[in-house]
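K.L.:
No sequence on hand, only this structure:
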């Protein structure tokens with residue numbers, strides 16, 4: 001009986017040793033992560049690569065999950081070399097303006113919560129696929145065909161990513177969506193493609209002409225504004241010049257008026273002489289005696305001009321040189 005008991009426990013120990021050698025260790029690659037499960041509950045998530053040890057089955061087990069970025073395709077199937085082979089039913093969609101398009105999408109995602117990924121859903125990747133298809137159809141159904149085919153693809157991708165992230169977060173399947181990309185967006189038939197191409201070319205030509213017209217308009221407006229500024233600047237300069245001239249004339253008149261108040265006769269004669277100098281700058285001046293029967297005159301300027309002698313200023317003529325009653329006049 002003693003030998004039977006010893007043999008029984010030895011057999012149990014040998015079985016435990018075999019279980020440990022078989023199930024007591026596991027390895028984690030650099031692109032993987034492991035969820036350590038103890039009696040059906042995730043105790044720890046292992047992300048460091050290498051050889052790891054655990055309690056043998058059925059106490060603990062290690063679920064090896066991908067730790068890198070994964071890709072899910074919506075709307076098409078791929079061949080072994082990664083190229084698009086054919087569209088499936090998920091690719092056919094109707095836009096908001098009732099046009100049919102073939103649209104395919106690539107979703108990049110990663111497992112960020114191994115416990116939710118393992119136990120909250122039986123097929124989390126299928127849920128991700130259906131959620132991606134629903135988000136894409138919802139956004140395409142609210143968009144126009146021109147926006148999807150031309151320059152609004154980035155906005156559509158952003159809206160799809162936002163909607164898909166909300167859905168995946170609501171389902172709690174342990175997946176985080178990183179990015180979405182529209183691959184191919186095509187019209188159903190060749191005739192439709194040609195018609196749309198013609199419409200697109202016409203729209204681009206229209207936009208080109210609008211841009212040229214806007215450039216010409218901006219150029220003309222800038223030139224007109226520059227000419228306007230130049231005219232205003234010249235007008236302001238002339239205005240300032242005339243104001244300053246008026247101020248100078250006013251100051252001169254006030255000074256002259258003060259002199260007139262003090263010496264009215266002298267000032268009057270001075271004004272007359274200055275006026276004659278301004279009105280008749282090139283006239284010839286004569287001094288004559290009109291009271292005699294024979295007219296005596298002294299041509300001052302002709303003497304200066306013909307003989308080259310220095311000018312005779314009126315103050316240099318002695319009073320006795322001019323007969324009494326003599327006067328000065330101009331012969332034109």
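P.N.:
Done, it's in. Please read all numbers here as calculations on a predicted model, not as lab measurements.
K.L.:
ranges for the strands of the protein?
P.N.:
For the chain, the strands defined by DSSP state E cover 25-28, 32-38, 41-46, 50-53, 60-66, 70-74, 76-78, 84-87, 92-94, 100-111, 175-186, 285-289, 296-299, 327-330.
K.L.:
I'd like the mean pLDDT over the first one, please.
P.N.:
In this case it means strand 25-28. Averaged across strand 25-28, pLDDT comes to 80.
K.L.:
which secondary structure elements does that strand contact?
P.N.:
Using 3 or more Cβ pairs under 8 Å, 6 or more residues apart in numbering; DSSP states H and E, the elements in contact with strand 25-28 are strand 50-53, strand 60-66. For glycine as for every other residue, the C-beta is placed from the backbone atoms N, C-alpha and C.
K.L.:
Pick the most buried one from the ones you listed.
P.N.:
Of all those, strand 60-66 carries the top mean neighbour count, a mean of 16, counting by mean count of other Cβ atoms under 10 Å.
K.L.:
what does it rub up against?
P.N.:
23, 26, 28, 31-38, 43, 46, 52, 54, 111, 114, 117-118 (Cβ atoms under 8 Å, 6 or more residues apart in numbering).
K.L.:
how about a cut-off of 6 Å?
P.N.:
Strand 60-66 has contacts (Cβ atoms under 6 Å, 6 or more residues apart in numbering) with 26, 32-38, 54, 111, 114, 118.
K.L.:
angle of it against strand 100-111?
P.N.:
Calculated by axes from the mean of the first three to the mean of the last three Cα atoms, to 10 degrees, strand 60-66 forms an angle of 140 degrees with strand 100-111.
K.L.:
Mind putting the helices and strands packed on strand 25-28 into CSV with distance to residue 255?
P.N.:
Output for these, formatted as CSV (distance: least, Cβ to Cβ, whole Å):
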stretch, distance to residue 255
strand 50-53, 107
strand 60-66, 103
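K.L.:
I'd like these laid out as a markdown table, including distance to residue 219 and mean pLDDT.
P.N.:
Formatted as a markdown table, the helices and strands packed on strand 25-28 follow (distance: least, Cβ to Cβ, whole Å; pLDDT from 0 to 100):
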| stretch | distance to residue 219 | mean pLDDT |
| --- | --- | --- |
| strand 50-53 | 70 | 78 |
| strand 60-66 | 60 | 85 |
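K.L.:
and residue 170, which of the ones you listed is closest to it?
P.N.:
strand 60-66 (21.7 Å; Cβ to Cβ).
K.L.:
now stretch 264-283, how far from the centre of its chain.
P.N.:
With Cα atoms, centre = their mean, to the nearest Å as the basis, stretch 264-283 stands 71 Å off its chain's centre.
K.L.:
Ok, stretch 24-42 next?
P.N.:
That offset, for stretch 24-42, works out to 51 Å (Cα atoms, centre = their mean).
K.L.:
Quick one: closest of the strands of the chain to residue 157.
P.N.:
That would be strand 175-186 among the strands of the chain, by Cβ to Cβ, at 5.6 Å.
K.L.:
mind putting the contacts of strand 60-66 in CSV, neighbour count and distance to residue 155 included?
P.N.:
Putting the contacts of strand 60-66 into CSV (neighbours: other Cβ atoms under 10 Å; distance: Cβ to Cβ, whole Å) gives the following:
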residue, neighbour count, distance to residue 155
26, 17, 45
32, 15, 36
33, 21, 34
34, 24, 40
35, 22, 38
36, 19, 43
37, 20, 43
38, 13, 47
54, 21, 48
111, 23, 29
114, 23, 34
118, 19, 36
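K.L.:
picking up where we left off before, determine which of the strands of the chain approaches residue 272 most closely.
P.N.:
Nearest to residue 272, of the strands of the chain and by Cβ to Cβ, is strand 327-330 at 11.6 Å.
K.L.:
hmm, which helix or strand of this structure has the shakiest average pLDDT?
P.N.:
Lowest by mean pLDDT, DSSP states H and E among the helices and strands of the chain is strand 327-330, with a mean of 41.
K.L.:
all helices of the chain, in order?
P.N.:
For the chain, applying DSSP state H gives helices covering 2-23, 114-119, 124-141, 145-149, 153-171, 190-262, 264-279, 300-307.
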